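Asks: predicted coordinates and the sequence they were generated for:
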Amino acid sequence: PAPQTPPVPLLWKVSDGDNDLYLLGSFHLLKPGDYPLSHDVDLAFDDAEALAFELSPEEMTSPALAQAMAQAALRTDGKPLSHELPEPMLKQLQAWTKANAGTLAAMGLHGDMLLAFDAWFVGLTISIIEMRKQGLDPEQGLDKHFMARAAKAGKAATGLEKGREQIAIFDTMGKVEQLQFLEEALSEAHKSGDEIERLHTAWRRGDAAQLWNGMAVEMRDEYPKLYQRINVARNDAWVPKLQAMLDRPGSDDTLVVVGTRHLLGDDGVVEKLRAKGY
């Protein structure tokens, strides 16, 4: 087949007079055919002396992170997850588990084992499996891609948050938020991957409007507490760290690679930095 046009992911340049930040919108799971990227992204990488990600490369690639996440998600009340699921959601989960039994078995899991975990972890597992079914792979994700490039080029790479902080974002969710998170994952799975493919295509062409509407608007409107926790609160925590990169002496530039949703909308990092005068 003819090669596809290189993806043009969303990219902003933020300046304060002596140095710059490049803000690059990531898709955490991608396909081998999503590389190479558009030339402007390569130019941003070449210009940057350092890179920043949601998590540092050391934590992102450590098996200990996945183990810690699973450990944190184990239920401690002695009751299976089914005990707190509304009947319609439980039936949805059982149907999804049955339809994906082979995939779960290959991961060393089965339906009853999922019920030993909190709702947020089951929702996360469902989302990742559904993306994999569309040919998307975390090893091909934009974060992993630039972590490898940074290591090869000898460029410093840091994280905007710690693994324990990322786990806590999920693990300290209230029951309502957790059920919303699981409900959203099951709803997306029910759409047979169409929404995932639409978002992937929108990411490839840098379609900010479709990415905003598909990634954020529904969550913001239907699940405002969940949106506040996993999007707004993290953006607010990152902005001072990004400001520090801009305000420090010298002319070193930094390429910041984070999930695209964090860069979009009035709650996004781009507008928060613009509001501060950059």
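Replies: It's in.
Asks: which residue sits closest to Lys144, ignoring its sequence neighbours?
Replies: Nearest non-adjacent residue to Lys144, counting by CB to CB, 6 or more residues apart in numbering: Pro138, 6.9 Å away. Yep, even glycine has a C-beta here, placed from its N, CA and C like the rest.
Asks: hmm, I was thinking of Lys241
Replies: Once flanking residues are discounted, Lys241 sits nearest to Leu160: 5.7 Å by CB to CB, 6+ apart.
Asks: which residues touch the nearest residue to Lys175 once chain neighbours are set aside?
Replies: Distances taken as CB to CB, 6+ apart place Glu84 nearest to Lys175, at 6.6 Å, with adjacent residues excluded. Contact partners of Glu84, counting by CB atoms under 8 Å, 6 or more residues apart in numbering, are Ala119, Lys175, Leu179.
Asks: now do Leu199
Replies: For Leu199, the contacting residues are Phe27, Gln210, Leu211, Gly214, Met215, by CB under 8 Å, 6+ apart.
Asks: mind putting those residues into a markdown table with distance to Ile169 and secondary structure?
Replies: Listed next are those as a markdown table, based on distance: CB to CB, whole Å; DSSP: H, G, I helix; E, B strand; the rest coil:
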| residue | distance to Ile169 | secondary structure |
| --- | --- | --- |
| Phe27 | 20 | coil |
| Gln210 | 26 | helix |
| Leu211 | 21 | helix |
| Gly214 | 21 | helix |
| Met215 | 17 | helix |
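Asks: what subset of those is buried?
Replies: Buried members of the contacts of Leu199, scored by 16 or more other CB atoms under 10 Å, are Phe27, Leu211, Gly214, Met215.
Asks: which two in those residues are spaced the farthest apart?
Replies: The distance between the two most remote of those (CB to CB) is 11.9 Å, for Phe27 and Gly214.
Asks: any low-confidence regions in this protein?
Replies: Scanning the chain with the threshold set as pLDDT under 70 gives 1-3, 111, 192.
Asks: neighbours of Ala244, how many?
Replies: The number of residues packed around Ala244, counting by other CB atoms under 10 Å, is 9.
Asks: now the strands: where do they sit in the stretch 1-150 of the chain?
Replies: All strands of the stretch 1-150 of the chain, identified by DSSP state E, counting those that start in this stretch, fall at 11-15, 20-26, 50-53.
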